[in-house]
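In: Sequence first, then the predicted structure, then my questions.
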Amino acid sequence: MPGVGTAVRLAVLASGTGTNLQAVIDACAAGTINGQVVGVISDRRDAIALERARRHGIAATWVGRAQGESRDAHGARLADAVAGASPDLVVLAGYMRLLPMTFLGRFPRRVINLHPALPGELPGVDAIGRAHAEWVAGTRTHSGVMVHLVVDEGVDDGPVLATCHVEFTPGDTVDSFGARMHAHEHALLVETLRQVCADWPQGMGLTPNPGGRA
Ligand code: GAR
């Protein structure tokens, strides 16, 4: 395992079950990723991702959007919570809210998103279910997974870091297809972070974080 002093500091935002978060935690522990998950932040108090973080001794923070709170105000509060972990990189692993510039402006070119579709296809929620429905209807032959930088408020859109194709197989249900997609997601996210962290920060075309140690 890489020394903590040299590991790239990863803050992970997740809204749901956090299987991708788990893959990242495990890959950091195994030394596959030269990184350390230094905080997990969720917009949902009951996110299983937060439980996973606590189980690993990782700071777990809930930043819900208060009633009447604007998206911008929530984004700023979320940014404060994330900045508290002093991350080098922010990884969206199933974070299901659009991040406003009040958040993104605080971490320029340092936010990475995972999305279960190929670039330009099926942005937003339930991309797996929608891809499967299109395959059933005969209008889709395959789908895929992408990891990209989040530079503005475009939905599941931004400079692409990695993609992989995922084929349908005869008789696929949404569950069997979803399980295959998730396996590809875990692998693609880990491999992308492995590369990014191995060549940090030059690999991302980044200059050292003024507030960080990179
Ligand atoms: C993953 O399929 C991820 O790609 C998706 O949420 C799921 C989270 O699963 N993200 C999006 O759809 C982003 N638009 P997990 O909680 O088990 O990691």
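Out: Ah, there it is. Small disclaimer: the values here were computed from a predicted structure and weren't measured. Numbering: from 1, shown residues only.

In: distance of whatever residue of the chain ends up closest to the ligand from residue 124?
Out: Per CB to the nearest ligand atom, residue 94 is where the chain lies closest to the ligand, at 2.5 Å. For the C-beta atoms, the positions are set from N, CA and C on the backbone; glycine is no exception. According to CB to CB, to the nearest Å, residue 94 and residue 124 sit 13 Å apart.

In: who's more crowded, these two?
Out: residue 94 (22 against 12; other CB atoms under 10 Å).

In: Could you tell me the end-to-end distance of stretch 108-127?
Out: 26 Å (CA to CA, to the nearest Å).

In: Return the set of buried residues in it.
Out: 109-118, 121-122, 127 (16 or more other CB atoms under 10 Å).

In: any idea how far residue 189 is from the residue lying closest to residue 6 once chain neighbours are set aside?
Out: In space, and not counting its chain neighbours, residue 6 is closest to residue 34: 7.0 Å by CB to CB, 6 or more residues apart in numbering. According to CB to CB, residue 34 stands 15 Å off from residue 189.

In: which one of these two has more residues nearby?
Out: residue 189 (25 against 20).

In: does that one sit in a helix or strand, and which one?
Out: Following DSSP states H and E, one finds residue 189 within helix 174-198.

In: Near the ligand, which residues of this structure are found?
Out: 14, 16-21, 93-94, 114-116, 127, 156, 185 (CB under 6 Å from any ligand atom).

In: now, among those, which is nearest to residue 83?
Out: Using CB to CB, residue 14 comes nearest to residue 83 of the residues of the chain next to the ligand, at 17.6 Å.

In: Helix, strand or coil: sort out the nearest residue to the closest one once chain neighbours are set aside for me.
Out: Spatial nearest neighbour of residue 14, excluding adjacent residues (CB to CB, 6+ apart): residue 49 at 3.6 Å. Recorded secondary structure, residue 49: helix (DSSP: H, G, I helix; E, B strand; the rest coil).

In: what sits against residue 49?
Out: 12, 14, 15, 16, 17, 18, 21, 40, 42, 93, 94 (CB atoms under 8 Å, 6 or more residues apart in numbering).

In: May I see those arranged in TSV, with pLDDT as well?
Out: Below are these laid out as TSV (pLDDT from 0 to 100):
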residue	pLDDT
12	98
14	98
15	98
16	96
17	98
18	98
21	98
40	98
42	98
93	98
94	98
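
In: would a markdown table of the residues you listed with secondary structure be doable?
Out: Formatted as a markdown table, the contacts of residue 49 follow (three-state DSSP):
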| residue | secondary structure |
| --- | --- |
| 12 | strand |
| 14 | coil |
| 15 | coil |
| 16 | coil |
| 17 | coil |
| 18 | coil |
| 21 | helix |
| 40 | strand |
| 42 | strand |
| 93 | coil |
| 94 | coil |
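
In: Much appreciated, bye for now.
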